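1. what's the 3D shape of this:
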Amino acid sequence: MNTFTKSALTVLATASIASVAVAAPGDSTYGNIAKAQAQINSLESQLSGEGVAVEMNADTNAAISPTEKAADLNKQVRSLQHQLDALKTQRSE
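-> I've put the predicted structure just below:
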């Protein structure tokens, strides 16, 4: 390889590593978002399977910080879990 190609690859690799470091300021925040989204999907499936129409009003695509998005998603998880628990309690009576 010539010097130009080696230099270009080095710059490209450095930029790639730097962008990952900037894009992921804290694995826990992004991990919390992914976990909450998975919980929401699971709870929605469970509720739909029980014949409950699920309507989530929160706009999680809005331009908010990752921490705020995680908090909003966790709020949705609690709401859906409450609905599912109430349904199970009602059906067990």
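2. Lowest mean pLDDT among the helices and strands of the protein, which one is it?
-> helix 3-23 (a mean of 56; mean pLDDT, DSSP states H and E).
3. For Val77, which non-adjacent residue is closest in space?
-> Excluding the flanking residues, the one nearest Val77 by CB to CB, 6 or more residues apart in numbering is Gln39, at 4.7 Å. In this view, the C-beta of every residue, glycine as well, is placed from N, C-alpha and C.
4. what helix or strand is the one you found on?
-> Gln39 belongs to helix 27-49 when assigned by DSSP states H and E.
5. hang on, isn't Ile64 packed against Leu73?
-> No. The pair Ile64 and Leu73 fails to qualify as a contact (CB atoms under 8 Å) at a distance of 10.8 Å.
6. Name the residue in these two with the higher neighbour count.
-> Neighbour totals were compared for Ile64 and Leu73, and Leu73 leads with 22 against 13 (other CB atoms under 10 Å).
7. just checking, what packs against the host helix or strand of that one?
-> In this structure, Leu73 sits in helix 66-92 according to DSSP H and E. In terms of contacts (3 or more CB pairs under 8 Å, 6 or more residues apart in numbering; DSSP states H and E), helix 66-92 is packed against helix 27-49.
8. Who are the packing partners of the helix it packs on?
-> Going by 3+ CB pairs under 8 Å, 6+ apart, helix 27-49 lies up against helix 66-92.
9. and the helix it packs on, which residues are buried?
-> 69-74, 76-77, 79-80, 83-84 (16 or more other CB atoms under 10 Å).
10. between it and helix 27-49, how big is the angle?
-> Computed with axes from the mean of the first three to the mean of the last three CA atoms, to 10 degrees, the direction of helix 66-92 lies at 30 degrees from that of helix 27-49.
11. Right, I'll leave it there.
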